[in-house]
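1. Sequence first, then the predicted structure:
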Amino acid sequence: MTKYITLLLPLLVATPFSEAAIPLSDSLSVSGFGSTSVTRTDNAAPLFVHREIVDDTCFDCDTTFGLQADWQLSDAFRASLQVVKRPQDHWSDPEMEWGYLSYQFGGLNLKGGRLRIPLFLMSEYYYVGQTYPWARPPQEVYDSILGFTYFDGISALWLKELNDEAIMTLSPYYGFERNNTTRLGDETLTFDTNHMAGLSVELSGFNYRIHFGYMNTQYTLTPDPNPYQETLNIYTLGAEYSWEGWQLIAEAQTDKLQSNWYLSGAYTIDKFTPYLVYGESHHRRKSRSLTAGVRYDLTYTISLNAEWQGVYMARSDYDALNPGQFTVPSKRLGEDKDAQLFTLMLSFIF
């Protein structure tokens with residue numbers, strides 16, 4: 001069993017598109033990914049964090065391009081670097097999404113550097129559109145932490161084979177003090193984070209995966225007329241299950257400010273995968289959404305999504321200036337409370 005775990009662990013800590021990597025030598029490889037879209041809504045209020053889609057046709061609201069280099073330094077040591085032009089970035093100013101050194105010893109993997117926050121099912125490959133069925137991960141859950149995806153710190157991943165069909169991974173992590181800045185509507189928010197600590201637990205088998213995430217963080221938010229240190233505990237639970245042509249995915253996120261969840265179903269017919277998603281957000285953001293789309297796999301590494309999404313709010317929440325999935329309350333701009341979003345998305349890996 002120990003030998004099996006040792007062989008399997010590198011596959012779990014590698015990215016899901018590593019099979020498409022370009023080998024530069026026996027120990028060094030480069031891979032990449034990207035997405036680009038044509039999209040618009042019927043509402044002038046900016047929709048979705050960092051994408052801000054409005055009622056003008058947009059050709060770069062979702063544009064993402066990333067490069068990753070992996071270097072196997074020895075049997076035990078490995079280095080990885082990922083640089084991404086995210087939807088909110090200019091091409092001249094991409095972001096280093098991760099850069100770390102890892103050490104593997106039996107069923108234990110240790111990492112230090114810039115690491116991905118492991119809160120969600122899709123966290124490790126959030127920007128790799130080729131790896132999930134939709135045009136975008138459901139915003140109810142994945143926009144709940146305002147687009148923050150990484151931390152600077154350390155993590156450990158321990159793997160245990162429970163039986164012939166189930167494997168459990170346990171991954172505690174700790175992020176050091178840093179300032180995290182994000183833009184929300186017309187405001188630039190800075191989170192002066194004291195620490196970020198958490199735990200990721202995952203149970204997986206041949207056709208299923210169950211993920212639990214927890215994160216504790218202390219931060220001071222600016223600008224704020226009376227800044228003070230806030231403590232936040234975030235909990236997530238997600239599961240995906242595949243059966244014949246079906247793929248079912250569900251996730252939920254909750255903290256003292258909000259609760260969010262979604263449920264997705266997809267069915268693959270040859271190269272076509274039609275799908276439906278329903279999601280809800282409560283408290284800090286109040287909305288519900290319905291998504292219908294179809295993905296077409298042109299090749300193993302290239303896919304095309306055609307997608308419609310309706311985002312809705314209750315009249316009382318709209319009148320109370322709740323933003324829902326808009327970056328600013330749509331009533332403040334004199335816009336309607338609902339939005340219809342249309343997207344044609346191309347995704348690829350190499």
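-> Structure received.

2. can we go C-alpha only for contacts and neighbour counts from here?
-> OK.

3. isn't Pro274 right up against Gln247?
-> No: counting by Cα atoms under 8 Å, Pro274 stays clear of Gln247, with 10.6 Å between them.

4. so what sits against both of those two?
-> By Cα atoms under 8 Å, 6 or more residues apart in numbering, Pro274 and Gln247 have these common neighbours: 266-267.

5. Would you point out which residue is most central in the protein?
-> Residue closest to the mean C-alpha point of the chain, counted by Cα atoms, centre = their mean, is Tyr126 at 3.4 Å.

6. what's near enough to touch that one?
-> Applying Cα under 8 Å, 6+ apart, the residues near Tyr126 are Pro137.

7. what do you get for Val54?
-> By Cα under 8 Å, 6+ apart, Val54 lies in contact with 40-47.

8. Let me have these in CSV, adding pLDDT as columns.
-> Shown next, in CSV, are the contacts of Val54 (pLDDT from 0 to 100):
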residue, pLDDT
Arg40, 98
Thr41, 98
Asp42, 98
Asn43, 98
Ala44, 98
Ala45, 98
Pro46, 97
Leu47, 98
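
9. Let me know the closest of those to Tyr174.
-> Using Cα to Cα, Leu47 comes nearest to Tyr174 of the contacts of Val54, at 32.2 Å.

10. Let me know how buried the residue nearest to the closest one when sequence neighbours are not counted is, in neighbour terms.
-> In this structure, Leu47 finds its nearest non-sequential neighbour in Phe326, 4.3 Å apart by Cα to Cα, 6 or more residues apart in numbering. Residues lying near Phe326 (other Cα atoms under 10 Å) number 26.

11. Model confidence for Phe326, exactly?
-> Model confidence at Phe326, given as pLDDT, is 97.

12. before we move on, what about the one 4 residues further on?
-> In this prediction, Ser330 carries a pLDDT score of 97.

13. Where does the spatially closest residue to it that is not a sequence neighbour sit: helix, strand or coil?
-> Spatial nearest neighbour of Ser330, chain neighbours left out: Ala45 (5.4 Å); criterion: Cα to Cα, 6+ apart. Here Ala45 is recorded as coil under DSSP: H, G, I helix; E, B strand; the rest coil.

14. Counting neighbours, which of the contacts of Val54 comes out on top?
-> Ranked by neighbour count (other Cα under 10 Å), the contacts of Val54 have Ala45 at the top, with 28 neighbours.

15. Contacts only, for it.
-> 53-54, 326-330, 333, 335.

16. Produce a ChimeraX select command limited to the buried residues of those residues.
-> The ChimeraX command for the buried members of the contacts of Ala45 (criterion: 16 or more other Cα atoms under 10 Å) is given here:
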select :53,54,326,327,328,329,330
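
17. Right, I'll call it a day here.
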